[in-house]
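When you get a sec, could you give me coordinates for this:
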Amino acid sequence: MPLIKIDSWFTRIGQALARDKTSTSDNKEDIRYAVRKINQYFYAEKPTAEVIEKYANVIVDLLLSTSNGPDDFEFLGQILNIVREILDCDKKFSRPLVKALIKNDVCSFLLHTLRSVSEDRGLGQDVSLQIHQILAVIGHHDKRLALKARLFKTIACTIGLLRIYSYNAKVCPVLLTLLKIYAKNGKFSFNQN
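Purely as a prediction, here's the structure:
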């Protein structure tokens with residue numbers, strides 16, 4: 001697919017988010033369609049540095065817009081998949097998105113979402129794993145992540161997932177990395193107070 005298509009999908013999302021103050025069903029359908037298409041595109045091809053740099057703020061706004069309707073785990077999972085695909089790229093490529101995520105305090109949003117999602121046993125567990133994977137990548141940039149995790153009471157969720165996936169070679173290192181980040185950041189945040 002040409003780069004022009006991905007530009008048009010991100011533009012469609014940006015325009016729909018700008019109109020989304022009224023939150024019509026047409027805006028939501030436009031956003032859902034564009035998110036599905038972007039996921040398909042990123043599944044076929046890795047995101048490029050120009051796309052990431054150009055649309056990092058749109059992706060952050062899209063992620064934060066889900067706070068209005070957190071019950072739609074499938075849609076949230078698709079957005080988190082876009083973020084994860086970008087974060088899986090080269091660190092140099094994903095740097096603009098990481099900066100935008102930290103600047104907009106997405107870690108707090110993700111921890112809040114994790115708390116509400118962890119009670120759902122269906123799609124909630126998949127979304128919870130995606131949130132943990134994102135936090136494991138961007139968590140060391142947020143110096144207050146351990147404090148936020150304690151405030152949102154999500155450390156128990158991470159430990160619970162670790163019990164479930166203790167024999168999974170792909171998931172277990174991610175959860176252990178996040179617990180390590182919580183421990184390091186915990187020392188740092190308590191020393192500053």
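
Name the SS class of S166, please.
Here S166 is recorded as coil under DSSP: H, G, I helix; E, B strand; the rest coil.

That one against C172, yeah?
Yes - at 6.0 Å, S166 and C172 qualify as touching, with contact defined as Cβ atoms under 8 Å. All C-beta atoms are positioned from the backbone trio N, CA, C, and that covers glycine.

Pull the strand or helix carrying I6 out as CSV, backbone CA atoms only.
If you go by DSSP states H and E, I6 is part of helix 3-19. Output of helix 3-19 as CSV, limited to C-alpha atoms (Å, rounded to 0.1, in the frame of the first residue of the first chain):
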residue,chain,number,x,y,z
LEU,A,3,2.3,5.9,1.9
ILE,A,4,-0.5,8.2,0.6
LYS,A,5,-3.1,5.8,2.0
ILE,A,6,-1.6,5.8,5.5
ASP,A,7,-1.5,9.6,5.4
SER,A,8,-5.2,9.7,4.5
TRP,A,9,-6.1,7.3,7.3
PHE,A,10,-4.2,9.3,9.9
THR,A,11,-5.7,12.5,8.5
ARG,A,12,-9.2,11.0,8.8
ILE,A,13,-8.5,10.1,12.4
GLY,A,14,-7.2,13.6,13.2
GLN,A,15,-10.2,15.2,11.6
ALA,A,16,-12.6,12.9,13.4
LEU,A,17,-10.9,13.5,16.7
ALA,A,18,-11.2,17.2,16.1
ARG,A,19,-14.9,16.8,15.5
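
which of the residues in it are buried?
I6, W9, F10, R12, I13, G14, A16, L17 (16 or more other Cβ atoms under 10 Å).

Most widely separated two among those?
Spanning the widest gap among the buried residues of helix 3-19 are I6 and L17, at 16.5 Å by Cβ to Cβ.

Which residue would you name as the spatial centre of this protein?
Nearest to the mean C-alpha position of the chain, by Cα atoms, centre = their mean, lies L80 at 4.4 Å.

ok, it - contacts?
Contacts for L80 (Cβ atoms under 8 Å, 6 or more residues apart in numbering) come out as L63, V127, Q130, I131, I134.

do V106 as well
With Cβ under 8 Å, 6+ apart, V106 has these contacts: V60, L63, L64, I138.
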